[in-house]
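[1] curious how this folds, go ahead:
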Amino acid sequence: MLFIISWTISTDKRNSAITRFLKTGAKPPAGVTMKGRWHTVGRSGGFGLAETDDPLRLQQWMLEWSDLMQMEAYPALTDEQAAPLLAAVAATF
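    Residues are numbered from 1 along each chain as shown. Prediction:
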C-alpha cells in the first residue's frame, strides 16, 4: 500500500534534523520502500511517498523521527486504483 507522508520541522529542531538526515539519509526500515521524497522551498518540511504492506514498519520509521519533527501519513491510491471507484460514483449521477 502507498502512503503519503508529510513532515514539518520547527526552527528549534532544524539543525538537529539536518544533522541526522545527513548522517543517516533518513532511510526507511526494512519492509518500507521510499518511492520519492521532496523538500519544500523556503520552509522546513516536505512530503514523501512510501510503500509498505506493514503499517507497523511505517510507524517505526515515523517514531524514529518524532523527536525532531511532526509527521503525518495518509493511505494513498494511484489513478488506476481510484478510477473504478470514481466510475462507480459517476454512474449514479
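
[2] and the helix or strand where L63 lies, what's its mean pLDDT?
    Per DSSP states H and E, L63 falls inside helix 55-65. If you average the pLDDT over helix 55-65, you get 96.

[3] mind listing what's buried along it?
    57-58, 61-62, 64-65 (16 or more other Cβ atoms under 10 Å). All C-beta atoms are positioned from the backbone trio N, CA, C, and that covers glycine.

[4] what ranges do the strands span in the chain?
    For the chain, applying DSSP state E gives strands covering 2-8, 33-39, 45-51, 70-76.

[5] in JSON lines, list the ones you listed along with mean pLDDT and mean neighbour count.
    Listed next are the strands of the chain as JSON lines, based on pLDDT from 0 to 100; neighbours: other Cβ atoms under 10 Å:
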{"stretch": "strand 2-8", "mean pLDDT": "97", "mean neighbour count": "17"}
{"stretch": "strand 33-39", "mean pLDDT": "97", "mean neighbour count": "11"}
{"stretch": "strand 45-51", "mean pLDDT": "97", "mean neighbour count": "17"}
{"stretch": "strand 70-76", "mean pLDDT": "97", "mean neighbour count": "14"}
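
[6] right, and those - which one's nearest T24?
    Closest approach to T24 among the strands of the chain is made by strand 33-39 (12.5 Å; Cβ to Cβ).

[7] for that closest one, packing partners?
    strand 45-51 (3 or more Cβ pairs under 8 Å, 6 or more residues apart in numbering; DSSP states H and E).

[8] report the angle between the strand it packs on and strand 2-8.
    With axes from the mean of the first three to the mean of the last three Cα atoms, to 10 degrees defining the directions, strand 45-51 sits at 160 degrees from strand 2-8.

[9] strand partners (parallel or antiparallel) of strand 45-51?
    Strand 45-51 has the following strand partners under DSSP bridges: strand 2-8 (antiparallel), strand 33-39 (antiparallel).
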